[in-house]
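Colleague: Any chance you could fold what I've pasted below:
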Amino acid sequence: MYSNDSRILHVNEVANVASTLVDEARREGKNWRLRRIPAGRGNIFTVATSRARDLVTARKLIGASDVVHLHYATNGYLIWGSTPSVLHLHGSDIRKDWKRPLLKSVISASLRAADAVVYSTPDLYQWIEDVRPDATWIPNPVPRSFLEPVPGVTRSERIVFSSRWDETKGIELLLPLAQRLVEAGCEVVGLDWGTHREDARRVGVKLEPLMDHHEFKGFLAGAKVVVGQLKFPALSMTDFQTMALGIPLICSANSEQPPAYTVTCDDYAGLVPRDPEAIAELILDGSHPSDSVASQWVEDHHSPGVTVRACEDVYRRILA
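Modeller: A predicted model of the protein is given here:
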């Protein structure tokens with residue numbers, strides 16, 4: 001039976017979701033903790049060696065927990081043979097990695113092994129419903145710091161691209177859109193992140209290094225408009241953070257139906273659907289005032305407490 005004293009172990013960090021959940025739970029007096037795992041970077045031998053060493057320690061901690069909540073499906077081997085377990089899908093793991101032969105085997109086995117499967121954006125269900133029709137949507141939690149005012153930051157004329165520059169975020173739209181805005185004389189700023197970041201630099205985007213939460217919050221808060229991911233019908237974590245700060249957002253359509261006044265490129269499909277020129281005109285022609293109602297919507301639906309309650313419902317079910 002689940003209680004505040006139940007030992008909940010979150011394994012792996014993805015977009016600060018796990019740390020946000022654990023911080024909130026511990027603030028509420030719950031017995032949750034986070035264990036990060038080695039990054040999957042480098043050659044296959046280096047990654048395999050570091051993961052194998054990590055597995056020994058991880059299994060001990062998992063065995064001492066009442067529930068292990070594992071983030072990102074490619075790491076699912078950590079919960080094989082462990083119960084109770086929750087597998088948390090975050091996006092690219094099921095949209096992209098599941099198409100790769102070796103990773104598909106790991107992910108498929110992990111989907112079957114988990115006592116519960118949860119996913120971070122509503123659009124992901126279509127990918128997993130045949131394997132786990134019982135999967136549950138868990139809303140992404142926005143860190144509390146993004147729900148608070150940003151002192152000393154003034155909105156500028158900068159247009160900020162908040163996503164990484166790669167196919168999973170809609171690079172086929174992001175690059176020509178950025179180029180069009182640069183050619184129109186706008187100051188366009190993005191992150192030095194993603195497989196196509198050098199392409200972004202070449203079209204005139206000023207790239208900033210990856211930054212911590214505090215710096216990123218100021219980075220978003222100083223924008224006139226933020227362009228988020230344009231690939232899938234879902235809000236990314238940085239999209240939520242932008243809305244929480246009340247900054248106007250250009251993003252893909254979202255199946256959660258956020259406030260109608262949040263600008264989305266698919267809302268304007270009657271113009272030229274998913275066309276960089278049409279999206280650029282929305283940015284160049286609009287006044288883009290701050291959006292306090294969007295901020296409230298994020299607090300009501302994606303504050304850390306909301307997501308902790310959703311996780312607890314899952315834990316109660318598998319510990320009943």
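
Colleague: ok, G91 touching L124?
Modeller: Yes - at 6.7 Å, G91 and L124 qualify as touching, with contact defined as CB atoms under 8 Å. C-beta: built from backbone N, CA, C; applies to glycine.

Colleague: now the strands for the stretch 1-150 of the chain?
Modeller: Taking DSSP state E, counting those that start in this stretch to define them, one finds strands in the stretch 1-150 of the chain at 8-11, 32-35, 67-71, 85-89, 116-119, 136-137.

Colleague: in stretch 195-204, what counts as buried?
Modeller: For stretch 195-204, the neighbour count (16 or more other CB atoms under 10 Å) marks H196, R197, D199, A200, V203 as buried.

Colleague: among the helices and strands of the chain, which has the poorest mean pLDDT?
Modeller: Least confident helix or strand, the chain: helix 44-63 with a mean of 74, by mean pLDDT, DSSP states H and E.

Colleague: follow-up on the earlier one: looking at the buried residues of stretch 195-204, which two lie furthest apart in space?
Modeller: R197 and V203 (11.1 Å; CB to CB).

Colleague: got a list of what the most centrally placed residue in the chain touches?
Modeller: By CA atoms, centre = their mean, the chain has its centre lying nearest to M237, at 3.8 Å. Residues in contact with M237 (CB atoms under 8 Å, 6 or more residues apart in numbering) are A15, N16, V17, N140, V142.

Colleague: cutoff 7 Å now
Modeller: M237 is in contact with A15, N140, counting by CB atoms under 7 Å, 6 or more residues apart in numbering.

Colleague: ok, now L9?
Modeller: Contacts of L9 (CB under 7 Å, 6+ apart): R33, R35, L61, I62, S65, V68, H69.

Colleague: Need these in TSV (columns: neighbour count and distance to R158).
Modeller: Output for those, formatted as TSV (neighbours: other CB atoms under 10 Å; distance: CB to CB, whole Å):
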residue	neighbour count	distance to R158
R33	15	39
R35	20	38
L61	14	44
I62	20	45
S65	21	45
V68	27	42
H69	28	37
